[in-house]
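>>> structure for this input, please:
(chains A and B, ligands or ions: 2)
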Amino acid sequence: MKVEHGIKGQQKTKIKLEELTFYYGKYKAIDNVSMEFLECKVTAIIGPSGCGKSTLIKSINRISEITNDVQVEGKVLLDNKNVYDRDVDLVDLRRRVGMVFQRPNPFPKSIYDNVAFGPRLYGVNNKKRLDEIVEYSLVKSALWNEVKDRLNQSAIGFSGGQQQRLCIARALAVDPEVLLMDEPCAALDPTATARIEELIEDLKKYYTIAIVTHNMQQAARISDYTGFLLNGQLIEYNITTEMFTNPDKKVTEDYITGRFG
Amino acid sequence: MTVGKRKIFNSFFQGLCRSMAFLAMAVLIVILVKVVTNGVGVINLSFLFKAPREGMTEGGIFPAIFGTVCITMLMIVLAIPVGVSAAIYLTEYAGKNFLGRIIRASINNLAGVPSIVFGLFGVGFFVLFIGRGMDKILGIPLLFGQPAMLWAASTLALLVLPVIIVSTEEALNSVSVSLREAAFALGATKWQVVRNVVLPQARSGILTGAILSISRGAGETAPILFTGCAYFLPRLPVFTIPYVHIPVINPLDQFMELSYHIFIMATQSTNVAATRPIQYGTTLVLIALTFLLNLSAIIFRIYFRKRPR
Ligand SMILES: Nc1ncnc2c1ncn2[C@@H]1O[C@H](COP(=O)(O)OP(=O)(O)OP(=O)(O)O)[C@@H](O)[C@H]1O
Ligand SMILES: [Mg+2]
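Ligands and ions are numbered 1, 2, ... in the order given. Model prediction:
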């Protein structure tokens, strides 16, 4: 695979999957995948429904294991440290690797309390400091202007797009290094989607972003690298422009041109 | 089968089921009507706020109301922390492992134990073992080692524990996975997730369970029979703090209780017939009290549904 020779250039590898195989019980959802996520780049994961995209990115912050019986072989290296090592502190891992889910899942609390939730977990209780973090995160997620006068309103009353940006703000508030986004626009209309895409463009200056998407145009627009998954296997991984103009494999071409999936 | 026959069968079974449903309702109505018509006459302020006189053939039932309220409150104060913690352990930590399954099976069996067995257990465990044991360790004359409100409430608390655990478990399980995931993904520890996300969401369910268990416990006689309930007490189970003269409920005292009071009047009185109106009145008060508790459960639930926080 091309990963091995050269597409990295000067970039630093933030996350590296090494022969990752992931099971739900006995079911193999990820099959021997090796790939990299480069620092301050957007890496898109594409593939048909059920191919293991969510599983792949959730293996990085180890969130699947809270509700499922899972088994993992291989490595997920974050800054060269395997997150599946015994001595890894999950709280610390998830603080460094933030996540935005497929469906907006704000807490049924106020906007303010949603964003302040993470910092409070880490013992930040100073009102002034929290105010700063909330404003900073909401500004970064491009929501501040819409909500600055209603920070005490419940998040439940807001639109899907606003809720999803709130979830992004909530993830940013704990100052992660990596942002995992699982189809963040799946439940959104085109306007809201466009806003989130702009946002991602801006966020990649500071964060390493892994994004799952069903939308080929979206992957082409926002990502620097793209991985194509099929039946749990990584079929192709390349610079996005390369992959979309000149795919290596026939199946990749068929998929991105919409001939299946 | 012909069409005509099928139609006849259909209406026959519909009618049968409907009459059984009405039967259940009719029983309730008959009980209520009988209790209300016979009992409402004796209810007045002095019945509610005075003590019994003349071997319970006259006077009111205030000590029994007071005792019932005290013991129910004490019961719930004891049962909620234990029950809620147990439910949190079972749903959040034990999951489906072996230990969790054993505990769950035990709780289901506990719910099926007859209440008189709880009463006997209460005497043996709380009064004799714990109470007498405390007296011995402290080297004092009989103080804890006798029937008392504390032990009766503890026994009732055990009785309602399964109700609280099961309803709390349901409430905890109904909290959506996506909210839990959101919190975990922010780096929350398990306890932080429980404390900040799960419990606030489950609060109305837990409260409902608590209040259901109150109405279950409030009418019970057998568990308190030997553990603290008194036939008749000339004074309330109240203790006045010296110097400041503030009266407080004394959990080490015995108490009177409504359902036991009814039982006593109906079986032990020297003149059962003379106490009959009072029996009806007392029953009415007990039913009304239970009804009020259920009503407050419903109000609580509506209140917390409106403010999903
Ligand atoms: N909790 C689970 N237990 C068992 N199998 C699971 C579980 N979650 C997912 N799977 C299976 O693992 C495979 C990959 O699932 P995953 O959710 O990662 O797919 P996906 O590519 O994200 O799909 P989609 O595009 O529909 O979100 C699927 O076949 C799915 O059925
Ligand atoms: Mg998915």
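>>> ok, now how distant is the residue nearest the centre of chain B from B:L158?
Nearest to the mean C-alpha position of chain B, by Cα atoms, centre = their mean, lies B:G217 at 2.1 Å. In this view, B:G217 and B:L158 are 10 Å apart by Cβ to Cβ, to the nearest Å. For every residue, glycine as well, the C-beta is placed using N, CA and C.
>>> between those two, which contacts overlap?
Listed as contacting both B:G217 and B:L158 by Cβ atoms under 8 Å, 6 or more residues apart in numbering or on different chains are B:A79.
>>> coming back round to it: ok, the residue nearest to the centre of chain B touching B:L159?
Yes - applying Cβ atoms under 8 Å, one finds B:G217 in contact with B:L159, separated by 6.3 Å.
>>> figure out how far the helix or strand B:N10 falls within is from the centre of its chain.
Element membership for B:N10 (DSSP states H and E) is helix B:3-39. Helix B:3-39 sits 30 Å away from the centroid of its parent chain (Cα atoms, centre = their mean, to the nearest Å).
>>> low-confidence ranges, the stretch 51-200 of chain B, go.
Within the stretch 51-200 of chain B, no range satisfies pLDDT under 70.
>>> could you rerun that using 80?
Counting by pLDDT under 80, the ranges of the stretch 51-200 of chain B that qualify are B:54-58, B:95-96.
>>> what residues does chain A have near chain B?
Taking Cβ under 8 Å from any Cβ of the partner chain, the part of chain A that reaches chain B is made up of A:61, A:63, A:66-67, A:91-95, A:98-99, A:101, A:103, A:105-109, A:117-118, A:121-122, A:154, A:156, A:167, A:170-171, A:174.
>>> just the ones of the residues you listed in strands?
The members of those that map onto strands under DSSP state E are A:98-99.
>>> show me how to select, in PyMOL, the buried members of the residues of chain A next to chain B.
Buried members of the residues of chain A next to chain B, defined by 16 or more other Cβ atoms under 10 Å in any protein chain shown, are picked up in PyMOL with:
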select buried, chain A and resi 61+63+66+91+93+94+95+98+99+101+105+106+107+108+109+117+118+121+154+167+170+171+174
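>>> inside helices: which ones of the residues of chain A next to chain B?
Assigned to helices by DSSP state H, the following of the residues of chain A next to chain B qualify: A:61, A:91-95, A:117-118, A:121, A:167, A:170-171.
>>> nearest to A:Q217, of the residues you listed?
A:C167 (22.9 Å; Cβ to Cβ).
>>> surely that closest one is in contact with A:N105?
Yes - using Cβ under 8 Å, A:C167 is in contact with A:N105, at 6.5 Å.
>>> hmm, back to that, so which bits of the helix holding B:N10 are buried?
By 16+ other Cβ under 10 Å, the buried positions in helix B:3-39 come out as B:35-36, B:38-39.
>>> how far does the helix or strand that comes right after it sit from its chain's centre?
On the C-terminal side of helix B:3-39, the closest following helix or strand by DSSP H and E is helix B:45-49. Centre-to-centre, helix B:45-49 and its host chain are 24 Å apart (Cα atoms, centre = their mean).
>>> what pLDDT, on average, does helix B:45-49 get?
Helix B:45-49 carries an average pLDDT of 88.
>>> ok, back up a step: name the residues contacting each of A:C167 and A:N105.
Residues touching both A:C167 and A:N105 (Cβ under 8 Å, 6+ apart): B:A182.
>>> mind giving me a markdown table with the ones in helices among the residues of chain A next to chain B and columns for pLDDT and distance to B:T275?
Converted to a markdown table, those look like this (pLDDT from 0 to 100; distance: Cβ to Cβ, whole Å):
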| residue | pLDDT | distance to B:T275 |
| --- | --- | --- |
| A:N61 | 94 | 70 |
| A:V91 | 93 | 65 |
| A:D92 | 94 | 70 |
| A:L93 | 96 | 71 |
| A:R94 | 95 | 67 |
| A:R95 | 94 | 69 |
| A:F117 | 96 | 61 |
| A:G118 | 95 | 65 |
| A:L121 | 94 | 62 |
| A:C167 | 95 | 66 |
| A:R170 | 96 | 65 |
| A:A171 | 95 | 70 |
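>>> looking at those, which is nearest ligand 1?
Closest approach to ligand 1 among these (Cβ to the nearest ligand atom): A:N61, at 13.9 Å.
>>> what's near enough to touch the closest one?
For A:N61, the contacting residues are A:93-94, A:97-99, A:180, B:185, by Cβ under 8 Å, 6+ apart.
>>> buried ones in the helix or strand hosting A:T252?
Counting by DSSP H and E, the element that carries A:T252 is helix A:250-256. By 16+ other Cβ under 10 Å, the buried positions in helix A:250-256 come out as A:251-252, A:255-256.
>>> okay, buried residues for the lowest-mean-pLDDT helix or strand in chain A please.
The weakest-scoring helix or strand in chain A, judged by mean pLDDT, DSSP states H and E, is helix A:190-203 (a mean of 88). With burial defined by 16+ other Cβ under 10 Å, the residues of helix A:190-203 counted as buried are A:192-193, A:195-197, A:199-200, A:203.
>>> likewise for stretch B:142-153?
Of the residues in stretch B:142-153, those buried under the neighbour-count criterion (16+ other Cβ under 10 Å) are B:144-153.
>>> can you give the contact residues for that stretch?
For stretch B:142-153, the surrounding residues in contact (Cβ under 8 Å, 6+ apart) are B:67, B:70-71, B:74-75, B:78, B:122-123, B:126-128, B:130-135, B:223-224, B:226-229, B:237, B:249-255.
>>> where's the residue nearest to the spatial centre of chain A, which helix or strand?
The centroid of chain A falls nearest to A:L180 when counting by Cα atoms, centre = their mean (1.6 Å). Using DSSP H and E, A:L180 sits in strand A:178-182.
>>> is any residue of the helix holding A:T252 near ligand 1?
No - remark: helix A:250-256 sits outside contact range of ligand 1, by Cβ under 6 Å from any ligand atom, the gap being at least 12.6 Å.
>>> give the rounded mean pLDDT of that helix.
Helix A:250-256 comes out with an average pLDDT of 90.
>>> which other helices and strands contact it?
Packing partners of helix A:250-256 (3 or more Cβ pairs under 8 Å, 6 or more residues apart in numbering or on different chains; DSSP states H and E): strand A:225-230, strand A:233-239, helix A:240-245.
>>> what comes up buried for the longest one?
What it means is strand A:233-239. By neighbour count with 16+ other Cβ under 10 Å, strand A:233-239 contains the buried residues A:234-239.
>>> put the alpha carbons of it into PDB.
Provided in PDB are the C-alpha atoms of strand A:233-239 (Å, rounded to 0.1, in the frame of the first residue of the first chain):
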ATOM      1  CA  GLN A 233     -10.700  -4.400   5.200                       C
ATOM      2  CA  LEU A 234      -8.900  -1.300   4.100                       C
ATOM      3  CA  ILE A 235      -9.000  -1.500   0.300                       C
ATOM      4  CA  GLU A 236      -7.200   1.700  -0.500                       C
ATOM      5  CA  TYR A 237      -5.600   4.600   1.400                       C
ATOM      6  CA  ASN A 238      -4.300   7.600  -0.400                       C
ATOM      7  CA  ILE A 239      -4.100  11.400  -0.700                       C
END
